[in-house]
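> Just to be clear, the model below is a prediction. Sequence and coordinates:
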Amino acid sequence: MNSRSIGPVSVSEIGLGGMPMSIEGRPDEDRAIATIHAALDAGVTLIDTADAYHRDADEVGHNELLIAKALASYGGDTSEVLVATKGGHLRPGDGSWTLNGHPDYLKQAAKASAQRLGVEAIGLYQFHRPDPSVDYAESVGALTDLLDEGVIRMAGISNANVDQIRLAQEILGGRLVSVQNQFSPAFRSSQVELELCAELGIAFLPWSPLGGISRASTLAGKGAAFERIGAELGVSSQQVCLAWELALAPVVIPIPGASRPASIQDSVRASEITLTDEQMRELSA
């Protein structure tokens, strides 16, 4: 698989999103670990997670622990795998989401994530979602402290707008390496953030790049052109979708979620597809 960069680190063009393996409807642990192992076998070297990727209130960090277990039990070399996790977005266990962007909390959460992942320093730590009750600069300031203290090696933000990206880059002293926003054929409102990241050389990690866990098979109802071009090329519409996102800018690294080996094995083949200018125009229309 070809590679792209997050800061100074080279990673696979397609990453693995861990959420489906830990929330409602998740597979059993054996299948989840088999999915992570299949991703590693396919050359995936970026795995995305968060402390909030869990189902029940008493299992915070479920996905982080799962990934740590899968990496430890993998028979091959995992030294080049970058695990990116997030903090500041919480799940009380009733299916809802809450926010906590207080700097003290974020620093505590990062240290807890590092312990669950079994690492001395987290490869990439991202502020999960802005908290309206906390000044954004203060939340991002926690990332600066975590970098300076060596708790994390790289810092990113998620669900951020253009102004927040520019502010985070300023507060971090040019050390912002990634932005993780929702982006897919059905959700293109983050196009402007994608373009800013391309301008600044910051990795852009689309979450739900296929339109969401329950609607990936139809690309959230926006898949007609993707299906037609996929049929022409003899590949899945999901592969065409990821190839389209990769072609939008060299900083784009999609992180499709998966809960079974076949899904991630299909996704990684997107990096082998080259779309023509005409196909790109049709898919972007």
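Right, received. Where do you want to start?

> distance of the residue in the chain sticking out farthest from the centre from residue 276?
Distance from the C-alpha centroid of the chain, by CA atoms, centre = their mean, peaks at residue 232 (29.2 Å). To residue 276, residue 232 is 10 Å away according to CB to CB, to the nearest Å. Yep, even glycine has a C-beta here, placed from its N, CA and C like the rest.

> Just to be sure, the residue farthest from the centre of the chain is in a helix?
Yes. Under DSSP: H, G, I helix; E, B strand; the rest coil, residue 232 sits within a helix.

> That one and residue 279: what is the separation?
For residue 232, the distance to residue 279 - CB to CB - is 8 Å.

> Surely residue 95 is within a helix?
No. Using three-state DSSP, the secondary structure at residue 95 is coil, not a helix.

> which residues touch it?
Neighbouring residues of residue 95 by CB atoms under 8 Å, 6 or more residues apart in numbering: residue 24.

> would you put the C-alpha positions of stretch 107-117 in CSV?
Coordinates of each C-alpha in stretch 107-117 appear next as CSV, following Å, rounded to 0.1, in the frame of the first residue of the first chain:
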residue,chain,number,x,y,z
LYS,A,107,-4.6,15.8,30.4
GLN,A,108,-6.0,13.2,32.8
ALA,A,109,-7.8,11.4,29.9
ALA,A,110,-4.7,11.3,27.8
LYS,A,111,-2.7,9.7,30.5
ALA,A,112,-5.5,7.1,31.1
SER,A,113,-5.5,6.4,27.3
ALA,A,114,-1.8,5.9,27.3
GLN,A,115,-2.1,3.3,30.1
ARG,A,116,-4.8,1.4,28.3
LEU,A,117,-2.8,1.4,25.1
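
> For it, could you pull out the residues that count as buried?
For stretch 107-117, burial by neighbour count (16 or more other CB atoms under 10 Å) applies to 107, 109, 110, 113, 114, 116, 117.

> Can you give me the buried ones in stretch 182-194?
For stretch 182-194, by 16+ other CB under 10 Å, it's 182, 183, 184, 185, 186, 187, 190, 193, 194.

> Can you list phi and psi of the closest residue to residue 15 other than its chain neighbours for me?
Closest residue to residue 15 apart from its sequence neighbours, by CB to CB, 6 or more residues apart in numbering: residue 46 at 3.5 Å. Comment: the main-chain dihedrals of residue 46 come out as phi -130, psi 120, following degrees, to the nearest 10.

> Quick check: residue 46 touching residue 18?
No. Using CB atoms under 8 Å, residue 46 makes no contact with residue 18, being 10.8 Å away.

> Now for the closest residue to residue 139 other than its chain neighbours, how many residues are close by?
Distances taken as CB to CB, 6+ apart put residue 101 closest to residue 139, at 3.9 Å, once the chain neighbours are dropped. Residue 101 is flanked by 23 other residues according to other CB atoms under 10 Å.

> Adjust the sequence numbering to begin at 392 for everything that follows.
With 392 as the first residue, the last one maps to residue 492.

> measure residue 492 to residue 603 for me?
Distance from residue 492 to residue 603, by CB to CB: 25 Å.

> Below-threshold pLDDT in the stretch 542-676 of the chain: ranges please.
Within the stretch 542-676 of the chain, the ranges that satisfy pLDDT under 70 run 605-608, 611.

> 80 instead?
Scanning the stretch 542-676 of the chain for pLDDT under 80 picks out 603-609, 611-614.

> need the strands for it, in chain order.
546-549, 567-571, 594-595 (DSSP state E, counting those that start in this stretch).

> ok, now which ones touch residue 482?
Residue 482 neighbours (CB under 8 Å, 6+ apart): 443, 445, 446, 448, 451, 488, 489.
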